[in-house]
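S.K.: sequence and predicted structure, then a few things I'm wondering about:
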Amino acid sequence: MENLAKQKVIQDLKPQQFGKRGMIWVGILLFICAVGLFAYIRQLSKGLVVTSMRDYVSWGIYISNFVFFVAISLVGSLITAVLRLSDVHWSTPLTRIAEIIAVAAITFASIIIVVDMGRPERFYNLFLHGRLQSPIIWDVIVITTYFFISMLLLYFPLLPDLNILMKLKEKTSKGLDKLYSFLGSFWKNTPGQIKINERAISILSITIIPVAFSIHTVTSWLFATTYRPGWDSTNFGAYFISGAFLVGAGGVVVAMYVFRKAYKLENYIKEDHFDKMGKVLVMLALLYLYFNINEFLVPAFKMKKPEEEHLVGLFTGEFAPIFWFAIFTAMIIPIFILLFKKGRKPLPAFIAGCLVVIGSWFKRYLIVTPTLLHPFLPMQDVPDSYRHYFPSWEEWAIAMGSLAGVLLIITIFARIFPIIPIQETITEIEEHENV
Amino acid sequence: MKMYKYIISTIVLLSCLQAVSFSQDSTKPVLNLSVGYFNDNGRVQYLKANAKTKMDGKFKQVADIKLNFYITSEDPAHLLGKGFTNENGESVIFIPPTARDEWNSAATHSFIVSSEASKEFDAASGTADVTKAKIQIDTAEGRNITATVLAFKDSSWQPMKDVELKIAIKRMDGDLNVNETQTYTTDSTGAVTAEFKHDSLPGDAKGNLVLVARIEESDLYGSITAEKTVPWGKYYKHESEYYKRTLFARRGQSPVWLEFMAYTIIIGVWVVLLYLIGQIRKLKKLGA
């Protein structure tokens, strides 16, 4: 590969300073995070009474958000590990996008679970006095492990790029230089280092798959090990994982479009990537639709009394508008858009991705809350507010703050590090030229 | 004029019919009151009253009826207590110590329960005539139970024949008959004998069972119960599962298979991660 072409790749993919729109975007995210923080301080000082969670709905949008974050974080294992191990090379420009989405989402999954606690200062007791028999402990262990693996999977492929960034003639800032130097000054691109690095990435790619499956299976068991209408299912692990891959892939398509536009990466994230990711999305949406039919048709066929109340609430009752909105936006409409070649162009694919992500958030809400409003024993002698759930402004602010936090991590990461692997791109171009 | 008289007569007749039918509509439903006497194994005796009325051809229990309980006669000097019926139409009062002299003065007593007239019901009352009686349980002959019914007559306790009673063992949620016979009737000596036929019935921590002989809602004696503790049960030792390794046990008592699986997976994965962190150190050495 000619040095000139190599320099062009580096110039195209190196981190870029925020423009005016970037600054506004970061400002908006910081503002939403600040409002969320203010709401959380209120919750800390006044207690969980500021939320709308009461005796029956004890898991509201915080836990919905938690399940959503855990779900979207699984994309790291799909794009980075599954496709890498399958020797699929077209996904190379998408690996870092997937990994940073995974790291940001799993970080806020951990945070939001603490937010849901009435006494967060007692969190350490979970480690000191946790029971190994409890799925909550399994979740804590597996989230921590997945976080470390995702961080390592982000770090190892970044090392060659850090070396490139340090050698750049035009420096961005002293702070960033120090950061690059701290993280990767030892990388000299020697054959020995490359070999170790590649082997480490392969080991991580293998390790992350069972851990990723565990993290979402265990999250599903938080529900499925509880005997409640809507949760009493042996199929929940597979149902959750298929949904997680769908929302993760949807998130990657959205991020691909945004980064492509913002950083003018049309030569690297090509229409072909949208076409292929669109096909992946259709397959995952069909898979998730299959699991949804399984999950609802069997109990609906039997119609046991407690299940009936829950299902009628979803199909035609109080939750019907959200339920059908989620089914159509997360699965049916994206399938129809992406089935056609024109629908897999960047803009329609981006719209389909947005629909998947939004629909999937509401789907998580529907998994958590309606069940809690349908206990086996009738709700008696309780205030009317206990019979329904609509989040308070503090809950909305904190939930939106956490979503903004995820986007902020991704945005700042893209400002500091190349969002498309530079060295891997150069290597692939060279290999292509040699062939 | 004749015609005028006919019209007046017809109007008067119709008015009378209307008044009669109105008075029939406004008739209050009848409140039925009954009272029962209870003596549970020599504890403080009590009276239980029941209030019900017939509505749409069915009896319905009536709540919130204010009741007065009397002994011997319905006058304030013989008032035992007052109460309100609950949602089951029942009201219970214990016979107070102040009625002791009255109680000791005769062998047979009348208990009266009455309610005053209200918007819904007319005044009502119910009576129970009770002869003082008691049951004695004897288990001298092996595992045979002899229960004798005695009534207080002519200043002494005398055996009573033809009294129906049950002999059972007291369990947590009710009585368990000592054998297949449901009820017994006392003979001329006022006694019945029942054979205890349960071999391995769990008893308490000492293997004790509580025998119970019961006269239920007798017109003559009310409801009387006698109990006796016998060592005929199987010694029951509660074995705590607190220290057993189960999925529902406390912290540190998880099943071995779970601990093996969980720790193997955790250690396996974290050994890999530590190895990879070691690889970073190796990369640093190679680049130094």
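M.R.: Nice, I can see it. Numbering: from 1, shown residues only, chains lettered A, B, ... in the order given.
S.K.: how about the helices of chain B, start to end?
M.R.: With DSSP state H as the criterion, chain B has helices at B:2-25, B:100-104, B:256-287.
S.K.: then the stretch 151-300 of chain A?
M.R.: With helices called from DSSP state H, counting those that start in this stretch, the stretch 151-300 of chain A shows them at A:158-167, A:174-184, A:191-224, A:236-262, A:271-302.
S.K.: next SSE downstream of the last one?
M.R.: For helix A:271-302, the succeeding helix or strand toward the C-terminus, using DSSP states H and E, is helix A:305-315.
S.K.: give me the buried positions along that next one.
M.R.: Residues A:P306, A:E307, A:E309, A:H310, A:L311, A:V312, A:G313, A:L314 are the ones in helix A:305-315 that count as buried (16 or more other Cβ atoms under 10 Å in any protein chain shown). Any C-beta I mention is one placed from the backbone N, CA and C, and that applies to glycine too.
S.K.: lowest-confidence member of the residues you listed, which is it?
M.R.: Least confident by pLDDT among these: that is A:P306, with 86.
S.K.: burial of the residue nearest to that residue when sequence neighbours are not counted, as a residue count?
M.R.: Take A:P306 and drop its neighbours on the chain: the residue closest to it by Cβ to Cβ, 6 or more residues apart in numbering or on different chains is A:P229, 4.4 Å away. Neighbourhood size, A:P229 [other Cβ atoms under 10 Å in any protein chain shown]: 20.
S.K.: tell me which residue lies nearest the centroid of the chain.
M.R.: With no chain named, the answer covers chain A. A centroid search over chain A (Cα atoms, centre = their mean) returns A:I72, at 2.3 Å, as the residue closest to the centre.
S.K.: can you look at chain B instead?
M.R.: In chain B, the residue lying closest to the centroid (Cα atoms, centre = their mean) is B:G174, at 9.4 Å.
S.K.: from the buried residues of helix A:305-315, which is closest to chain B?
M.R.: Ranked by distance to chain B (Cβ to the nearest Cβ), the buried residues of helix A:305-315 are led by A:P306 at 23.0 Å.
S.K.: touching, the closest one and A:L377? I think so.
M.R.: No. Using Cβ atoms under 8 Å, A:P306 is not in contact with A:L377, being 9.9 Å away.
S.K.: which stretch in the helices of chain B is the model least sure about?
M.R.: Within the helices of chain B, confidence is poorest for helix B:2-25, with a mean of 60 (mean pLDDT).
S.K.: what's stretch A:410-428 in contact with?
M.R.: Contact partners of stretch A:410-428, identified using Cβ atoms under 8 Å, 6 or more residues apart in numbering or on different chains, comprise A:1, A:6, A:9-10, A:13-18, A:22, A:25-26, A:29, A:89, A:92-93, A:95-97, A:100-101, A:104, A:157-158, A:160-161, A:163-165, A:176, A:179, A:255, A:259, A:263, A:265, A:268-269.
S.K.: pLDDT weak spots in chain A?
M.R.: Low-confidence segments of chain A, defined by pLDDT under 70: A:1-2, A:169-172, A:435.
S.K.: show me the contacts for A:Y389.
M.R.: A:Y389 makes contacts with A:S52, A:M53, A:R54, A:Y56, A:V57, A:G60, A:T369, A:L372, A:L373, as judged by Cβ under 8 Å, 6+ apart.
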